[in-house]
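Q: Could you work out the structure for the sequence below:
(2 chains)
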Amino acid sequence: MSKFYLTTSIAYVNAPPHVGFALELCQGDVIARYRKLLGNDVYYLTGTDEHGQKIAKAAEATGKDPAEFVDHISESFRALTSALNISNNDFIRTSDKNKHWPGASEMWRALSDSGTLYKKDYNGLYCEGCEAFKALSDLTDGMCSDHKKKPEIIKEENYFFRLSDYQDKLLRLYEEGVIKIIPEHRQNEVNNFIKQGLEDVSFSRPRKDLPWGIPVPGDEDHTIYVWADALVNYISALGYGRGDSELFNKFWPADLHIIGKDILRFHAIIWPAMLLAAELLLPKSILVHGHIQSGGQKMSKSLGNVIDPFELIDKYGADAVRYFLLKEIPTTQDGDMTKERMADIYSSELANGLGNLVARVAAIAEKKFDEITVSNSIFKKNVEAIWKKYTENIENYKFNDALQNVFSLVREGNTYIDREKPWEGDNAKNVIPNVVYLIINIGWLLMKQKPHVVKGEALFPRVQ
RNA sequence: GCCAGGAUAGCUCAACGGCAGAGCGGGCGUCUCAUAAGCGCCAUACAAGGGUUCGACUCCCUUUCCCGGCACCA
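A: Residues are numbered from 1 along each chain as shown, chains lettered A, B, ... in the order given. Next comes the predicted model:
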């Protein structure tokens, strides 16, 4: 049995879950369930990224200490995975000293042993107003754009990673297709970025500036910066650095990392370079999704267009929310989600379409049958054709098209019933088993492990 | 500015060098098993200009507009 290891990115816990992360979880879940259907031994990982100055500050703002703060928020992400019925095997937290820290430390040692880390003075532009270092690109006319002040130059000692050494290796690796980036235009972005030349990146921060993080092994005045911390979750979760290599040996390398477009570079450049340096195997592919907007605009509190995934799940149920995200947001493009659109899709496609189909069939079946045997069906050929298209679409990560395939069967079922009028005479005898066959297949296509309808409970009841 | 992608029906998206498709929404009609659901029919679209071609929405050029990338914010 072949294995399949897939991961989402780990969510940064400076704020409660966003629908964007719900999207990523759902995309991963489709792939995980599909792979299981194929008989693969699947391991699906998600989790939370919990270190960094931003979180330390966010914690301070709420008067909590960082550990307490991240526990709270991380829990809401874990709750989201349950609420959405995500089939993840594990949930890794970077603040987990037992599970994650040994892996990050081990990675650091491996990098250090390979000679790819070195200490260097770093001249940072520090804005007192922001209490943070600024990149040149953050400045307007040499001033901090938020505080209209000139940042001061602060010299600090950092460890640097020799990313520049990996420029040619990475380029070759992508040319040879060792790691595949989906969609293709993201691959082009990465290639172009590498061709522009890679500079070494800073891999640590002084402990005094960043106490909320993992200490550099053997040099406790420094904290491991995000790269060698967060990215390592993909292997620390499997036991890397913990002396427990069973999962790691079995599942690494990752078959698929699912990420948002905002963190592509880290996954396509820094992470593979780290793995090369540490002499570990490289992930096989990276699927890059877009961002969800609401009403054509970025979601923001001030616009009042923020969508809370929990609110939608409460109202419509996990299946409906999953359906929306996968069907309405093209997998690798930006999408749009509004509460109105959610309501429309729910009522027209799920309640009126599938829910009602099941209800009308169940009502007739109950009246006219003691039991139903489904052997052959006039829908067999159609269903097989749909399975074929659907499989192709899932393999190509076109979840929206795959769902469209499934719903063409719903329409077909409804049309057939109208034509055959199973409520008249004894037409039901042949008609109902045919439609039941259809519905069973729709259930499988929607990857419901146990498709069933509970008597007296409507599937996708109408929601006001 | 540089690099890349896009502009197709009210909305979200397809397709194709030779009569432009789907879903949702809208209009009209209709069945009554069903969740005031279903089914049928209809309407509306190739950003603008030029070129290549027997023929272009599809290929090329120009213009306009939109979006993404151009490193330490995760």
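
Q: any idea which element A:Gln293 lies in?
A: For A:Gln293, the element it lies in under DSSP states H and E is strand A:292-293.

Q: which residues sit against that strand?
A: Contact with strand A:292-293 is made by A:Val19, A:Gly20, A:Leu23, A:Met299, A:Ile307, A:Ile329, A:Asp334, A:Gly335, A:Asp336, A:Met337, as judged by C-beta atoms under 8 Å, 6 or more residues apart in numbering. Placement of C-beta: from N, CA and C, glycine included.

Q: which among the residues you listed end up buried?
A: Buried residues within the contacts of strand A:292-293, counting neighbours by 16 or more other C-beta atoms under 10 Å: A:Val19, A:Gly20, A:Leu23, A:Met299, A:Ile307, A:Ile329, A:Gly335, A:Met337.

Q: returning to what we had before: partners of the strand holding A:Gln293 in the sheet?
A: Strands flanking strand A:292-293 in the sheet, each with its direction: strand A:335-336 (parallel) (DSSP bridges).

Q: any idea of the mean pLDDT for the strand it pairs with?
A: The average pLDDT for strand A:335-336 rounds to 83.

Q: what do you get for stretch A:75-95?
A: Averaged across stretch A:75-95, the pLDDT comes to 95.

Q: close to RNA strand B, is it?
A: No. If you take C-beta under 7 Å from any atom of the strand as the test, stretch A:75-95 misses RNA strand B, and the best it gets is 8.4 Å.

Q: Could you show which parts of the stretch 151-300 of chain A are in contact with RNA strand B?
A: Counting by C-beta under 7 Å from any atom of the strand, the stretch 151-300 of chain A sits next to RNA strand B at A:163, A:185, A:188-189, A:192-193, A:196-202, A:225-226, A:230, A:261-263, A:265-266, A:296.

Q: Out of these, name the ones that lie in strands.
A: Within those, residues falling in strands by DSSP state E are A:Val201, A:Ser202.

Q: Check the buried ones among the contacts of strand A:292-293 for the minimum pLDDT and say which it is.
A: Ranking these by pLDDT puts A:Met299 at the bottom, with 78.

Q: That one reaches A:Ile307, doesn't it?
A: Yes. If you go by C-beta atoms under 8 Å, A:Met299 and A:Ile307 touch, sitting 6.5 Å apart.

Q: Not counting residues beside it along the chain, what's closest to A:Leu403?
A: Distances taken as C-beta to C-beta, 6 or more residues apart in numbering place A:Lys327 nearest to A:Leu403, at 4.3 Å, with adjacent residues excluded.

Q: show me what contacts the one you found?
A: Listed by C-beta under 8 Å, 6+ apart, the contact set of A:Lys327 reads A:Ile345, A:Glu349, A:Phe399, A:Asn400, A:Leu403, A:Gln404.

Q: what helix or strand does it sit in?
A: Per DSSP H and E: helix A:318-328 holds A:Lys327.

Q: chain center to that helix, what's the gap?
A: Distance of helix A:318-328 from the chain centroid (C-alpha atoms, centre = their mean, to the nearest Å) equals 14 Å.

Q: Right, and RNA strand B sits closest to which residue of the stretch 351-464 of chain A?
A: In the stretch 351-464 of chain A, no residue comes nearer to RNA strand B than A:Gly355, which is 1.9 Å away by C-beta to the nearest atom of the strand.

Q: Count the neighbours of A:Tyr234 for me.
A: 26 (other C-beta atoms under 10 Å).

Q: Show me what stretch A:396-413 is in contact with.
A: A:27, A:30-31, A:182, A:287, A:323, A:326-332, A:349, A:353-354, A:357, A:361, A:379, A:382-383, A:386, A:389-390, A:393-394, A:435, A:438-439, A:441-442, A:445-446.

Q: run the last query once more with 7 Å
A: The contact list for stretch A:396-413 (C-beta atoms under 7 Å, 6 or more residues apart in numbering) reads A:27, A:30, A:182, A:287, A:323, A:326-327, A:330-332, A:349, A:353-354, A:357, A:382-383, A:386, A:389-390, A:393-394, A:435, A:438-439, A:441-442, A:445-446.

Q: go on, stretch A:156-165?
A: So stretch A:156-165 is in contact with A:111, A:116-122, A:124, A:198-206, A:216, A:222, A:270, A:273, going by C-beta under 7 Å, 6+ apart.

Q: now do 6 Å
A: A:116-122, A:198, A:200-204, A:206, A:273 (C-beta atoms under 6 Å, 6 or more residues apart in numbering).

Q: host element of the closest residue to A:Arg360 other than its chain neighbours?
A: Leaving aside its sequence neighbours, A:Arg360 sits nearest to A:Ile417 (C-beta to C-beta, 6+ apart; 6.6 Å). Using DSSP H and E, A:Ile417 sits in helix A:399-420.

Q: Check A:Lys388 too.
A: Going by DSSP H and E, A:Lys388 is in helix A:380-395.

Q: Now find how far off-centre that helix is within its chain.
A: With C-alpha atoms, centre = their mean, you get 25 Å for helix A:380-395.

Q: Check whether that helix comes into contact with RNA strand B.
A: No. Judged by C-beta under 7 Å from any atom of the strand, helix A:380-395 and RNA strand B are separated, with a smallest distance of 11.3 Å.

Q: between that helix and helix A:399-420, how many degrees?
A: 160 degrees (axes from the mean of the first three to the mean of the last three C-alpha atoms, to 10 degrees).

Q: Show me what helix A:380-395 is in contact with.
A: Against helix A:380-395 from outside (C-beta under 6 Å, 6+ apart): A:Tyr34, A:Asp401, A:Ala402, A:Asn405, A:Leu409, A:Asn441, A:Leu445.

Q: and those residues as TSV, adding neighbour count and pLDDT?
A: Listed next are the contacts of helix A:380-395 as TSV, based on neighbours: other C-beta atoms under 10 Å; pLDDT from 0 to 100:
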residue	neighbour count	pLDDT
A:Tyr34	19	92
A:Asp401	17	87
A:Ala402	25	89
A:Asn405	21	89
A:Leu409	21	92
A:Asn441	21	90
A:Leu445	22	88
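
Q: about what we covered before: now do the phi/psi pair for the residue lying closest to the residue of the stretch 351-464 of chain A closest to RNA strand B once chain neighbours are set aside.
A: In space, and not counting its chain neighbours, A:Gly355 is closest to A:Phe460: 3.5 Å by C-beta to C-beta, 6+ apart. Dihedral angles of A:Phe460 (phi, psi; degrees, to the nearest 10) stand at phi 50, psi 60.

Q: In terms of pLDDT, where does A:Phe460 sit?
A: For A:Phe460, pLDDT reads 87.

Q: surely it meets A:Leu350?
A: Yes. In this structure, A:Phe460 is within contact of A:Leu350 by C-beta atoms under 6 Å, at 4.1 Å.
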